[in-house]
Every structure is written in C-alpha cells, then in structure tokens.
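Asks: need the 3D shape of this:
(2 chains)
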Number of protein chains: 2
Amino acid sequence: MITVLRIGHRPQRDKRITTHVALVARAFGADNIVISGEDQKIKETVDAVVDSWGGDFSVSFQSWKSFFSSFTGTVVHLTMYGLPFEDHMDAVRAAEGDLCIVVGAEKVPPPIYQRADFNLAVGNQPHSEVSALALFMDRYLKGREFEREYGGAKLSIVPCEQGKIVTGSRNPRPPGE
Amino acid sequence: MITVLRIGHRPQRDKRITTHVALVARAFGADNIVISGEDQKIKETVDAVVDSWGGDFSVSFQSWKSFFSSFTGTVVHLTMYGLPFEDHMDAVRAAEGDLCIVVGAEKVPPPIYQRADFNLAVGNQPHSEVSALALFMDRYLKGREFEREYGGAKLSIVPCEQGKIVTGSRNPRPPGE
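Replies: Numbers count the residues shown, from 1 in each chain, chains lettered A, B, ... in the order given. Here you go, the predicted model:
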C-alpha cells in the first residue's frame, strides 16, 4: 500500500496545488492521500475524478502526528535538501511494509525529517511538490505507472493525433430516453 | 532552444500552478517560458528564483496567436487526449529547429491541436500540467536534467540525510562587516 501524506496544506493558498498532488498520487500509482488539515472541497474534486475515471483511490484527513502515531511502514520525505532520489530507489523498494511518501508545502517541521527513513531530493533545484511526487513514483514503479488499468471507469480516452475522443459517459441517460 | 508556452492562464485561479509550471520548466531544462496572458507577480517570483539559484531562465508574456505567428520550430502540445508520449520521443528529438512545449490550463482552443506537430499524452488519466511537463522533459532529456549546472547561483544545496545545508547567501554582507 502506498500512501501520500500531504502536510502543511493551507486551504486558501494550497487548494489547487494539493488537488494536483492528489491527482498525481492517483495517476502515478498511490492508493490514497492523507491530507494533514481539512479541506472537503479537494475531496469532492478528487472523488469526482475517481467516480468518472475509475480505480479506488481515496482522500482522507488526519494530522501528521496522528498519522505517524500508528504508521509502522517506511517513510520517504521528498525535499529539495535531501539525498539524490535515484541513488536510493532500490533501498526504498527493498524496505518492508507499507510506503508513505511525505510531500510538504512551504515549511516542513523538523520531526518529519527525523521520522523519515529517507529524505530524498528530486533534484536540488526548487520546482514543485507535484513534479517531485510524479518523478519519484515514476522511478519507483520503473515507468510502469502508465500501464495501469482503472477498474469501474465511466470515462476513458482513446488516444488520438488531434482532438479529443472520450468513450463512456459520466451521466448515462436512462434507457429509452 | 526549448520554450514552454503556457496558455489559458487565469491570474487569480492559476497563479500558483503557472508558477510551478515555470519552475519545472527551469529545473527540468527549458530555456524560457512564455505565458499567454499577463501576470507580473509570477515573473517576479521566478526571476527571484533565477537570481538565487542561477541559470538564465526567463519569463515573458505574449498571446499564443502572436507567439505562433513567428515561431517556426516544432510544437509539442501536452494533452491527456493525445498519443502516448513515450512512443514519440525519438521523433520529437529528431525534429529540427527550436522546440515549443504547449501546456494548457482547462480549455485549450482547437487551433492549438492543429498547430501542434505532436499532441502527446503523459498517461491518459487526469493529473496536472506540472507533472506532465516534468515527465515529458525527463524523457526528452533521458533523465539527465538532474545533472545540469546553474551558472551564477548565489545559493546551492549540499544534499544531506536529514535537515538542510545551503551554501552561499542571497544577500552577502559587504566585506569587512
């Protein structure tokens, strides 16, 4: 099980970034996201994506302290100050138990660095928690994240050279209408 | 030369996402970003990053119509409706001239799909233009984006297992102080 833990979420400022973090978590192979803080709007948005596009990704809210009081698996904290992530992927893959990937907003409290089994940097240049998570998952899954199937999807895309082809329907009309 | 063209930017709603797109463009090896729309705050933020962390990435503003009226290189439009991006990387690399990567916000006008030499999908699941750009650049540069050096940096990070080690200073004190 792979959980993304989003810490430092500020509802006004971070709504869209945290939503993108959640969508990346889902599209790149995590099972769920725990947001330290509460923001039902994000849950509604992501739940609607899951409803339309399938899979069983879930969003929940819990303080990071409470989360870590019961989590016993391996913790990877993504930070631009950490060690080069690619050098440690084998060790992360070999670690036992569930995996938690911590993705911070601006300030990350020191206990996170201490609790993390791995503080890893996706490059040492400032970019985005959205791209850092995507690259980490990509290397962790060895690029197989794009082969995943999403069960129960109402919508799916037929890749095409130009334009948009979507099969299925979000709100199918009742038969006979 | 690699230019990221950000279209559909809405200043209120997209400020932070577009900033993250710009930072990913810089950190993953593009030379500049052109934002269709105007938002000086983003330019200030990204210019400050360049000033501190080096390199010569630049931000400018131009409508996409005006941009395309003079751009003669290869256009890649990243869209979840497109063809699998990894299947076309060799063709993109082989294309001549400058490269423009178009990254949309919500609605992308049909002329963009038509002008694009490649409409490419980084997976066919909804996620984020931030992660789509990062993955595209990663594959385009074959993972070498993390080896880049940024000339003239005032700050740089010394990767470490725990905590933060930054060398240099944004505002060096005058000698003798």
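Asks: Three-state assignment for the nearest residue to A:Phe67 once chain neighbours are set aside, please.
Replies: Using CB to CB, 6 or more residues apart in numbering or on different chains and skipping the chain neighbours, the partner closest in space to A:Phe67 is A:Val34 (5.6 Å). Bear in mind the C-beta positions are built from the backbone N, C-alpha and C, glycine included. Secondary structure, DSSP: H, G, I helix; E, B strand; the rest coil: A:Val34 is strand.
Asks: state the distance from A:Val34 to A:Asp98.
Replies: Distance check for A:Val34 against A:Asp98: by CB to CB, to the nearest Å, it reads 12 Å.
Asks: give the residues shared as contacts by these two.
Replies: Shared contacts of A:Val34 and A:Asp98, defined by CB atoms under 8 Å, 6 or more residues apart in numbering or on different chains, comprise A:Thr3.
Asks: any residue of the host helix or strand of A:Thr19 up close to chain B?
Replies: Assigned by DSSP states H and E, A:Thr19 belongs to helix A:11-27. Yes. Among the residues of helix A:11-27, A:13-14, A:16-17, A:20, A:23-24, A:26-27 lie within reach of chain B under CB under 8 Å from any CB of the partner chain.
Asks: any idea which of the residues you listed is least confident?
Replies: Among the residues of helix A:11-27 next to chain B, A:Arg13 carries the lowest pLDDT, at 88.
Asks: excluding its backbone neighbours, what's nearest it?
Replies: Going by CB to CB, 6+ apart, A:Arg13 has B:Arg16 as its nearest residue, at 7.4 Å.
Asks: again, but for A:Leu99
Replies: Using CB to CB, 6+ apart, the closest residue to A:Leu99 is A:Ile2 (4.9 Å).
Asks: contacting residues for the one you found?
Replies: Applying CB under 8 Å, 6+ apart, the residues near A:Ile2 are A:29-31, A:98-101.
Asks: gap between the longest strand belonging to chain A and the chain center?
Replies: Using DSSP state E, we find that the single longest strand of chain A is strand A:74-84. Here strand A:74-84 is found 15 Å from its chain centre; the criterion is CA atoms, centre = their mean, to the nearest Å.
Asks: then stretch A:138-157?
Replies: 13 Å.
Asks: surely the residue nearest to A:Arg13 touches A:Ile17?
Replies: Yes. Using CB atoms under 8 Å, B:Arg16 makes contact with A:Ile17 at a distance of 5.6 Å.
Asks: wait, A:Ile157 sits on B:Met80?
Replies: Yes. A:Ile157 is in contact with B:Met80 according to CB under 8 Å; the separation is 6.3 Å.
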